[in-house]
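Asker: Need coordinates for the following:
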Amino acid sequence: MIAELTGRLLRRSPAGVVVDVGGVGFSMLVPMSTFRELGEEGSDVHLFTYLHVRDDALDLFGFLTDAERSIFRELISVSGIGPKLALAVLSGLTPQLFREAVIEEDMGLLTSVSGIGKKTAQRIIIELKDRLS
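Answerer: Predicted coordinates:
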C-alpha cells in the first residue's frame, strides 16, 4: 500500500492533484479541505494516502492530515458510502466536526453535506458512533 507521498506539486485543481515523486507523477483525488491548504504548483507537499482498489481501477486519495485519512477509512466502511461520498463529507466537515456530529447524533450537520440524506446520516451514526467515541 502507498501510505504517504512527499514530492513536488505538479498540477492542482478541485478535481485532483498530481504529485511528482522521483520522476513519477501520482494522480490523487483530494477533499476540498486538503486542496485549499496545498501550496502553489511547484511547491513541496506531503500527503497521507489511501489506495482504493476496484475490479476496474486503482484510485489514489490524498489527505493533508492523518486524521482526514482516518475519517475517510471509517466512512468508506459504512454500507452505501463510497470514496467519492466520503470525500464530499471531508470537503464539508473537518474531522473533529464530523466526530462531534456523529457522537452527538447531529443529523442536521450531517445532512448539510451534499449527497448525505437522512437515511445515510442515520446509518453513519449507527455504524460509527461507538468507534468514534
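
Asker: For the residue nearest the centre of the chain, which non-adjacent residue is closest in space?
Answerer: By CA atoms, centre = their mean, the chain has its centre lying nearest to Leu87, at 4.2 Å. Closest residue in space to Leu87, ignoring its immediate chain neighbours: Pro31 at 4.9 Å, by CB to CB, 6 or more residues apart in numbering. Using the backbone N, CA and C atoms, a C-beta is placed for each residue, glycine as well.

Asker: Does Pro31 touch Leu93 like I think?
Answerer: No. The criterion here is CB atoms under 8 Å, and Pro31 misses it with Leu93 at 9.6 Å.

Asker: avg pLDDT for the strand or helix carrying Leu97?
Answerer: Secondary-structure element containing Leu97, defined by DSSP states H and E: helix 95-103. Regarding helix 95-103, the rounded mean pLDDT is 96.

Asker: Which strands or helices does it pack on?
Answerer: On a contact count with 3 or more CB pairs under 8 Å, 6 or more residues apart in numbering; DSSP states H and E, helix 95-103 meets helix 66-76, helix 107-111, helix 118-132.

Asker: I'd like the distance from whichever helix or strand the residue nearest to the centre of the chain is part of to the chain centre, please.
Answerer: Assigning secondary structure by DSSP H and E places Leu87 in helix 83-92. The chain centroid and the centroid of helix 83-92 are separated by 6 Å under CA atoms, centre = their mean, to the nearest Å.

Asker: What residues sit buried inside it?
Answerer: Across helix 83-92, burial judged by 16 or more other CB atoms under 10 Å covers 83, 85-92.

Asker: export those to JSON lines and tack on distance to Ile125 and pLDDT?
Answerer: Output for the buried residues of helix 83-92, formatted as JSON lines (distance: CB to CB, whole Å; pLDDT from 0 to 100):
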{"residue": "Pro83", "distance to Ile125": "20", "pLDDT": "96"}
{"residue": "Leu85", "distance to Ile125": "15", "pLDDT": "96"}
{"residue": "Ala86", "distance to Ile125": "15", "pLDDT": "97"}
{"residue": "Leu87", "distance to Ile125": "20", "pLDDT": "96"}
{"residue": "Ala88", "distance to Ile125": "17", "pLDDT": "95"}
{"residue": "Val89", "distance to Ile125": "13", "pLDDT": "96"}
{"residue": "Leu90", "distance to Ile125": "17", "pLDDT": "96"}
{"residue": "Ser91", "distance to Ile125": "20", "pLDDT": "94"}
{"residue": "Gly92", "distance to Ile125": "16", "pLDDT": "94"}
